[in-house]
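> Please find the sequence and the predicted model below.
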4 protein chains.
Amino acid sequence: MDFSYSPKTVELQQRVLAFVREHVQPAEAEFKREMAAFRAAGNPWQGTQTMERLKAAARAAGLWNLFLPESQEGAGLSNLEYAPICEIMGRYPLTGEAMNCSAPDTGNMEILERFGTPEQKQRWLKPLLAGTIRSGFAMTEPAVASSDATAIESRIERDGDQYVINGRKWWTSGAPDPRCEILIFMGKTDPSASTYRQQSMVLVPKDTPGVDVVRPLTVFGYDHAPHGHAEVNFTNVRVPVTNVLLGEGRGFEIAQARLGPGRIHHCMRLIGMAERALELMCRRSLARKPFGKLLSDQGVTRERVANARIMIDQARFLVLHAAYRMDTVGNKAAKKDIAMIKVAAPTMACQVIDWAMQVHGGAAVCEDTPLASMYASARTVRFADGPDEVHRNQIGKMEIEQYMTAKA
Amino acid sequence: MDFSYSPKTVELQQRVLAFVREHVQPAEAEFKREMAAFRAAGNPWQGTQTMERLKAAARAAGLWNLFLPESQEGAGLSNLEYAPICEIMGRYPLTGEAMNCSAPDTGNMEILERFGTPEQKQRWLKPLLAGTIRSGFAMTEPAVASSDATAIESRIERDGDQYVINGRKWWTSGAPDPRCEILIFMGKTDPSASTYRQQSMVLVPKDTPGVDVVRPLTVFGYDHAPHGHAEVNFTNVRVPVTNVLLGEGRGFEIAQARLGPGRIHHCMRLIGMAERALELMCRRSLARKPFGKLLSDQGVTRERVANARIMIDQARFLVLHAAYRMDTVGNKAAKKDIAMIKVAAPTMACQVIDWAMQVHGGAAVCEDTPLASMYASARTVRFADGPDEVHRNQIGKMEIEQYMTAKA
Amino acid sequence: MDFSYSPKTVELQQRVLAFVREHVQPAEAEFKREMAAFRAAGNPWQGTQTMERLKAAARAAGLWNLFLPESQEGAGLSNLEYAPICEIMGRYPLTGEAMNCSAPDTGNMEILERFGTPEQKQRWLKPLLAGTIRSGFAMTEPAVASSDATAIESRIERDGDQYVINGRKWWTSGAPDPRCEILIFMGKTDPSASTYRQQSMVLVPKDTPGVDVVRPLTVFGYDHAPHGHAEVNFTNVRVPVTNVLLGEGRGFEIAQARLGPGRIHHCMRLIGMAERALELMCRRSLARKPFGKLLSDQGVTRERVANARIMIDQARFLVLHAAYRMDTVGNKAAKKDIAMIKVAAPTMACQVIDWAMQVHGGAAVCEDTPLASMYASARTVRFADGPDEVHRNQIGKMEIEQYMTAKA
Amino acid sequence: MDFSYSPKTVELQQRVLAFVREHVQPAEAEFKREMAAFRAAGNPWQGTQTMERLKAAARAAGLWNLFLPESQEGAGLSNLEYAPICEIMGRYPLTGEAMNCSAPDTGNMEILERFGTPEQKQRWLKPLLAGTIRSGFAMTEPAVASSDATAIESRIERDGDQYVINGRKWWTSGAPDPRCEILIFMGKTDPSASTYRQQSMVLVPKDTPGVDVVRPLTVFGYDHAPHGHAEVNFTNVRVPVTNVLLGEGRGFEIAQARLGPGRIHHCMRLIGMAERALELMCRRSLARKPFGKLLSDQGVTRERVANARIMIDQARFLVLHAAYRMDTVGNKAAKKDIAMIKVAAPTMACQVIDWAMQVHGGAAVCEDTPLASMYASARTVRFADGPDEVHRNQIGKMEIEQYMTAKA
């Protein structure tokens, strides 16, 4: 249970924070302006020059593709080492893409690195690692519960040298982005196989005929342009059979492998968001004096600040412990730990952000603070990859099972 | 403590519900399409034909201006009688404007009816009652706490027969709407007067030179077009002194009078929203079967449905009781009751909507359900007109004061 | 939905409160002393002279057996009329027994009144109504869930003109009290009958051979002497078959009939307790000044006082509404309402009492305030007559079922 | 941030657990019987033979006085090393005294070890370390807030070679125990000195004339015999001036030094209690099948078990981190950390125990499970050494202060 950040981690943390201060923070207003201009002109679905400049700067600073754990291409960081970097990315949202470390590309690149053929890597992983294209992950379906990966209904049927793909996906993040060129699609190749062998994952170029990005989906009114999330229809989409990842029937297995590290990333980002919200809450409380008394001097404010501090620190310890477990005993043995952070971190973040909103009044819900937007994101994670309830059910089951045979 | 809905109330409730079923519900999709078309064409700030049709229908059905309590123009309903109509408007959001009963016009019309001169009524109340124009209420300021009406900094200075108005307002609902033609502006006429006599309210036509609708404000990511909320700058805006309401130094008094009934309206709308969220939660739970078991058969779902039912009913009783108190002892004596519902109703609504969201997964946050939008609205009410904290502080103070002299 | 207290109710409320002020409050210290002396002498299981004096006073004041709804012997009060009297009894705990209105006797007398034979009434109801003996209700069993009345395992077997009774009961309130002379015992007469026809209720004099009061049970360390709760074993206990209530196989039916009014009584008592806790919290906050600032002037205190006020009022409305429903549509149709108050009232009371405890520090948990004792009682009601979870499950089920056929 | 248990810690943990299994668990029933016999005979304030046997066994096993950090007499454990031992003591309550590691003696011995004169050590520390006598800490006063150590009103006045002591203390744990022979008394020697120099601590043998153990105090209904807590009056109590600890005016300083480690001990004990409650909840859920379905298979149970697991683990990380901070940066720099665990651990424990109670029904509140007793203890810690509110206020203040000068 050794959570200490190694000297290597601390050094990297410092470098990333320096990058944030020198490049990211000054670019935030510029990014907003560029997006506002796109919007005014009627199309927010465009990459910004600001982001391209940030990417160049990150690359120059050697802060690129830090996420890849066991690859020549990455920084060779363990989950525990990469976690604090995710926290920074949660706090300063442009940082992730700037360092080519943003979802869903990170998960997609990891899959390609681990399971891709040399040809697949050459064609898709290379430009993804270079940050010249982006990618999507087409798994969740509107018709079935996303918590149950075995429930997906999309079909991938073999027809000679090709797969014929049909299905309706949604919440495919990045799909509305013109830079997104490749989708990883999950569907059933063999509905008659055993439960966990029915699914396969196939690479589908976004411009393949039959791929239809039906509409972008909003999150509490936010479209998250230029990246966004979309509903995507696949109608008789044909790709060569060589586009399968790892082999037919291996889809569930890949999905599982993708899940663990993603949880750490998401949860640490939420902790970064919560830290930012707490900072905003503290600063605002020092700046407002209704009825002649600074909010910072009021007991109710201090109670919440105290509870926020306690909750954030507790959540961070839990996430770091889960990362440590993944690094030391593997994702499978750390199943309960991973489920626990999935429950704890978003609930905590929602609460802390909500408190921060309350001291900001109207500024909390409009674009003058990032609070409402952060809330929307944190709230969504409470059901993304399956709702909390499913994870709590599993944790409870595992906990109770220990006592099925043990005597008192 | 007699909350029973009178036969008159029940009959009106039935008529409004019939109107909703026959006119409002069928028009919802159409309204959405019209707004989407406006948006696609680059300007969502336009009134819709759908709404005009609904207004005509409501008028024909005799469901028009129901809110006005003691006026020839209204339906003569007490707060307790009007409350259940507000609940329906909260549940079916187009209903309010259709019946010319939507904020902030209701409050503005009430002020004009009670405090306006015959000329002011003729010029502004008449078209408002006819539903041909709309209005805004320019009170909240970005620089000071909205909970403290005495803190506003805007100035109204007399210059001969005119007032010269300067100040920065925000959250002026309706200001971005082209149909909004008149603003009620609150500012200080005499900063040297006693605390509650410094403020005045003045009618400011929106097209007066110097009135600048700076930007629409979003609530989470929603712009609430075509009505919206705006930041509005007033720079050397000149209006005749006859535009003052009730007289100089009476602004605070008018603000107080406006507040009470508005609270009942808001709180009953939140209860309507919560009822809708609960219905959606129940229906969804009957439609989804993750891991082979209907959500409706799962204990966790039932717990939340039960708690939601209990919380909604409790909140409704509390609001109806406050309405009854306002009707029987007056707004001033009912001060604590009114503060109590301001705290109870939005908190309850946020929780119920949040539970409903959780069973909907991704559908909860995008436009496929009204849930995220309802959450954004309910969340905002937790600090609109002053945050919960201010009201709880006041309630607590009043409760404790009872024991300052009483013996045990 | 007419909750107004009728003039009759208000008048009765005033009379009971006058009785409390004149007799009950002055007697509290005396009662404590008497009990302390019993305890010091080694046997707290004795009736006090204080209580006998209070009973005489209540009788003289015409405040006797108020609970009986439709009987010559009672006050002819409806549930809604009797409810506020229960609130007073919750606030001043000696009041209930003083007026011969305390559990479990009230429920037992009601059963006897409604279902007893003339002989049963003469023998047991008469002295109970006179307050010369007390009674117990032997239903809950340690081996099975008390939430499921059909699960009880005790047996009542006919042997000629007698029933032979065997079983182990616990939480038989009043059993350790020497004044308790009669027990109503529930057991199975016919395990092969249909689910709700297996049980019967039989009158068992406590001094019948084979009745063994094994031990008094504590509630958070309190023994609740001289009344108490006990574990009671029944071993081959023989009573005449004429002791059956209503007839064989009618036990479940009687249990159901007993339940509804008891819920109102319990819940209103909890509301009375919560009011008392709130009063204590307010008074203490005016008396303590840590770090130079009165607790009553601190935001955190006021927040809790405000929330307590809101929660108590909401709970009271809900309970009165349930009483009103029972009076107007009957216990069966009011099933959901009754379940709702069972969930809402004890949770509320626990929270309010907990807040009150927190401002009292050490005085909260020792005998210097009634707070810890009230908490223990309120906490127990959260699972007495079945845990909250069972009731929430049922409420949720009923709520959802409304949508099984209804269209949106 | 290295929390790993060292091999030394793990080894000790194993040894203590082995001791618990071999000696403590088998002795629990015996201890209960012995106490019940004392009670039946009219005096529970007696040491048991069971405990003496356990003490001998612990001593023989080398598990004695483990708490003393930097002393020949102790085990030389750091806070982080001793913490897991406290968790075990919380889980199995007899263990602490058995190993001579129970409050308030641990804190008292630490004070004597650090600040006592050779004579004081010889006279009082020696028998305390030997476990032949016990001790009390007389600090809290009924008249003032215990959160504010500067508020105490007791007086210690010098009269020649003696101190004359007057004051009223309560919650002096251990005072009713006949084995308790020495009290550490805190009072003001110089009310005119600066705030933190007014207080002194003086050793007062319990049998000194003028020391009056007025009454034992109950916690909820528990008297915690044979140890207990008492109200103690000191009337013109005279002790030699050599009984002062560290010197006049050093009382506050000693109190502070005593506090930090005590917090770790208390919090880890609460975590042990919570773990036990969780175990009981799991086991009970596997043993009860109301309405035909095991509680362990019900979603509501699993939710709570999951949340309990998450909350316990989070709290443990927080406490271990605070221990690590105390060990590495000192108690003063770890002030915020220590305040944070004081808030987090008891709240968590109360919640987990409460959930465990709910699945046990009546068994939860009577003596058949330790749950109600554990709840009473955990609840008390929420205000012992100052209520949570005071600590949250301080944490919030410290957190906000970071931003008073820092720029965004």
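Arrived safely, thanks for sending.
> Near chain B, which residues of the stretch 101-250 of chain A? Just list them.
Contact residues (CB under 8 Å from any CB of the partner chain) of the stretch 101-250 of chain A with chain B: A:140, A:142, A:144-148, A:151, A:170-171, A:217-223. C-beta coordinates here come from the backbone N, C-alpha and C atoms, glycine included.
> For ChimeraX, write the select line for the buried members of the residues you listed.
Only the buried entries of those go into this ChimeraX selection, using 16 or more other CB atoms under 10 Å in any protein chain shown:
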select /A:140,142,144,145,146,147,170,171,217,218,219,220,221,222,223
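> So which of the residues of the stretch 101-250 of chain A next to chain B are in strands?
Secondary structure from DSSP state E places A:W170, A:W171 of these in strands.
> How about the residues of the stretch 201-350 of chain A by chain D?
Going by CB under 8 Å from any CB, the residues of the stretch 201-350 of chain A near chain D are A:278-279, A:282-283, A:285-286, A:296, A:299, A:301-310, A:313-315, A:317-318, A:321, A:336, A:340, A:343-344.
> State which helix of chain A is the longest.
Ranked by residue count and defined by DSSP state H, the top helix of chain A is helix A:251-287.
> Packing partners of that one?
helix A:79-91, helix A:105-115, strand A:180-188, strand A:199-205, helix A:299-333, helix A:335-360, helix A:371-381, helix D:388-401 (3 or more CB pairs under 8 Å, 6 or more residues apart in numbering or on different chains; DSSP states H and E).
> buried sites along it?
A:251-255, A:257-286.
> try stretch A:382-402
So for stretch A:382-402, counting by 16+ other CB under 10 Å, buried means A:382-400.
> do stretch A:123-141 as well
Within stretch A:123-141, judged by 16+ other CB under 10 Å, the buried ones are A:123-125, A:128-129, A:131, A:133-141.
> Please apply the same query to stretch A:20-29.
Going by 16+ other CB under 10 Å, stretch A:20-29 has these buried residues: A:V20, A:H23, A:V24, A:A27.
> cool, stretch A:229-243 as well?
In stretch A:229-243, counting by 16+ other CB under 10 Å, buried: A:H229, A:A230, A:E231, A:V232, A:N233, A:F234, A:V237, A:R238, A:V239, A:N243.
> Repeat that for stretch A:61-71.
A:A61, A:L63, A:W64, A:N65, A:L66, A:F67, A:L68, A:P69, A:S71.
> And the furthest pair within those residues?
A:A61 and A:P69 (20.5 Å; CB to CB).
> picking up where we left off before, relative to chain C, which of the buried residues of stretch A:123-141 is nearest.
Within the buried residues of stretch A:123-141, the smallest distance to chain C is 22.3 Å, found for A:E141 (CB to the nearest CB).
> surely the closest one meets A:E153?
Yes - at 6.2 Å, A:E141 counts as touching A:E153 under the criterion of CB atoms under 8 Å.
> Now for these two: what residues contact both?
A:G167 (CB atoms under 8 Å, 6 or more residues apart in numbering or on different chains).
> Run through the stretch 301-408 of chain A and note the low-pLDDT ranges.
With pLDDT under 70 as the threshold, the stretch 301-408 of chain A has low-confidence stretches at A:406-408.
> What residue in it comes nearest to chain C?
A:E303 (5.8 Å).
> Just give the nearest non-adjacent residue to that residue, would you?
Distances taken as CB to CB, 6 or more residues apart in numbering or on different chains put D:R392 closest to A:E303, at 4.8 Å, once the chain neighbours are dropped.
> could you measure A:V24 against chain C, distance?
37 Å (CB to the nearest CB, to the nearest Å).
> per-residue confidence for that residue?
Note on A:V24: pLDDT of 98.
> Same check on the one 4 residues further on?
The per-residue pLDDT reported for A:E28 equals 96.
> Export only the CA atoms of the helix or strand hosting it, formatted as PDB.
In the assignment (DSSP states H and E), A:E28 maps to helix A:25-40. Taking C-alpha atoms only, helix A:25-40 is exported to PDB below (Å, rounded to 0.1, in the frame of the first residue of the first chain):
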ATOM      1  CA  GLN A  25      -3.800  28.800 -19.100                       C
ATOM      2  CA  PRO A  26      -2.800  31.600 -21.400                       C
ATOM      3  CA  ALA A  27      -4.500  29.800 -24.400                       C
ATOM      4  CA  GLU A  28      -7.900  29.300 -22.700                       C
ATOM      5  CA  ALA A  29      -9.400  32.600 -23.600                       C
ATOM      6  CA  GLU A  30      -8.100  32.200 -27.200                       C
ATOM      7  CA  PHE A  31      -9.600  28.800 -27.500                       C
ATOM      8  CA  LYS A  32     -13.000  30.100 -26.400                       C
ATOM      9  CA  ARG A  33     -12.800  33.000 -28.900                       C
ATOM     10  CA  GLU A  34     -12.000  30.700 -31.700                       C
ATOM     11  CA  MET A  35     -14.800  28.300 -30.900                       C
ATOM     12  CA  ALA A  36     -17.200  31.300 -30.500                       C
ATOM     13  CA  ALA A  37     -16.300  32.500 -33.900                       C
ATOM     14  CA  PHE A  38     -16.900  29.000 -35.400                       C
ATOM     15  CA  ARG A  39     -20.200  28.900 -33.700                       C
ATOM     16  CA  ALA A  40     -21.200  32.300 -34.900                       C
END
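> re earlier: make a PyMOL selection of whichever of the residues of the stretch 201-350 of chain A next to chain D turn out to be buried.
Per 16+ other CB under 10 Å, the buried members of these correspond to this PyMOL selection:
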select buried, chain A and resi 278+279+282+283+285+286+296+299+301+302+303+304+305+306+307+308+309+310+313+314+315+317+318+321+336+340+343+344
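> re earlier: wait, doesn't the residue of the stretch 301-408 of chain A closest to chain C sit right on D:Q394?
No - assessed by CB under 8 Å, A:E303 is found out of contact with D:Q394, at 10.9 Å.
> correct me, but A:W124 touches A:I184?
No - using CB under 8 Å, A:W124 is not in contact with A:I184, being 9.3 Å away.
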